[in-house]
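>>> Quick one: sequence and predicted model below, then my questions.
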Amino acid sequence: MSSTELPGVRSTTELSSQVGAVRVADGEQLRTVALPGLELNVRVRPPLRRGLPPALFVHGLGGSSQNWSDLMARLAGSVDGEALDLPGFGWSPPPADRDYSVTALARVVIRHLDAAGRGPVHLFGNSLGGAVSTRVAAVRPDLVRTLTLVSPALPELRVQKSAVPTALLALPGVAGLFGRLARDLTAEQRTRGVLGLCYGDPSRVTPEGFRDAVEEMERRMALPYFWDAMTRSSRGIVDAYTLGGQHGLWRQAQRVLAPTLLVYGGRDQLVSYRMARKAAAAFRGSRLLSLPEAGHVAMMEYPEVVASAFRELLYDTGATGRNAGDDDEDGRG
């Protein structure tokens, strides 16, 4: 299903006149993109050299662009990366139409890429962002050079028990109930719960990363639209799971033309590891990276492994946009 806001590795606090107090990793920049009825916060990781191909990173339910900071840093020698805060998440305000469906979020990604003229991009998606990215790749193949999906939220007939609470958010009144039940929990308790659900091994989070995550949890829970965004996005996932025909996500996966890398964690409590084989069969010519110890956010737990697999995809498909072997000096390219 998805991830809530999770800690990066190590980051520093900076002030942005565009989005207020926000945590930005060393070497990152923030900018605001204004489109009709929509405002997006974009986290940018400038490439180590000019001429590298563009990449776009799309987070999961309750997450933010910060979920990609570590992976973006490791790929700075391979791509010109930027990550979106989807509407209502991170530091992006809610969409004017309050539409959080997978189709609407895919439309947001498409509008951003069209307006920026950055396509085709190397498109990355985690969880809900994986479902969104699948839809983008299927309906606008001209915008996607390669597709990398980390625990994508694609329909499952047997949803894992640990994912049921997220699905229940789609039901009327449940968000209010959850809010009342969580009212007496401290931010630290809520954060530990999220880490236990999303990480294969929560002990991999540094003390500094945990403090940052607690701070962000407090900020998010104070937003007046927090539960509305979570509820409507959860409903959007459930609705996407029930769609059939040409609009079904599995049917759209079969239509993806871009070379695809699939990443699944053996300890994922939200997207079943057993879906890896079905996904590998659906995305034509795809390659599968299985990480037995990883949870739902492998790009945060094992960024170096995911980065290496992506660079192999670039090399093998000739989609580097530069000369093969032209890596950066510290080995991250």
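Happy to help now that I have it.

>>> CA only for contacts and neighbour counts going forward, please
Fine.

>>> residue boundaries of the helices in the stretch 101-250 of the chain?
With DSSP state H, counting those that start in this stretch as the criterion, the stretch 101-250 of the chain has helices at 102-116, 128-139, 164-168, 174-182, 187-198, 207-221, 226-242, 249-255.

>>> Name all residues that make contact with the closest residue to residue 27 other than its chain neighbours.
Closest residue to residue 27 apart from its sequence neighbours, by C-alpha to C-alpha, 6 or more residues apart in numbering: residue 45 at 6.6 Å. The contact partners of residue 45, by C-alpha atoms under 8 Å, 6 or more residues apart in numbering, come to 27-29, 72-73, 76, 80-82.

>>> For PyMOL, write the selection for the buried entries among those residues.
Command for PyMOL that selects the buried part of the contacts of residue 45, burial taken from 16 or more other C-alpha atoms under 10 Å:
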select buried, resi 28+72+73+76+80+81+82
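
>>> got any ranges where the stretch 1-150 of the chain has weak pLDDT?
Across the stretch 1-150 of the chain, residues meeting the criterion (pLDDT under 70) sit at 1-21.

>>> residue ranges of the strands in it, please?
Using DSSP state E, counting those that start in this stretch, the strands found in the stretch 1-150 of the chain span residues 12-16, 20-24, 29-35, 38-45, 54-58, 80-85, 121-126, 144-150.

>>> Run the chain-centre distance for the third one.
A distance of 18 Å separates the C-alpha centroid of strand 29-35 from that of its chain, computed with C-alpha atoms, centre = their mean, to the nearest Å.

>>> How about exporting that strand as PDB, limited to the C-alpha atoms?
Written as PDB, here are the backbone C-alpha positions of strand 29-35 (Å, rounded to 0.1, in the frame of the first residue of the first chain):
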ATOM      1  CA  GLN A  29      17.700  22.400  -3.500                       C
ATOM      2  CA  LEU A  30      13.900  23.200  -3.400                       C
ATOM      3  CA  ARG A  31      11.700  25.000  -5.800                       C
ATOM      4  CA  THR A  32       8.000  25.600  -6.200                       C
ATOM      5  CA  VAL A  33       6.100  24.800  -9.400                       C
ATOM      6  CA  ALA A  34       2.900  26.600 -10.000                       C
ATOM      7  CA  LEU A  35       0.400  25.200 -12.400                       C
END
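
>>> quick one on the thing from earlier: please identify which of the helices of the stretch 101-250 of the chain is closest to residue 296.
helix 187-198 (5.0 Å; C-alpha to C-alpha).

>>> Nice, that's everything, thank you.
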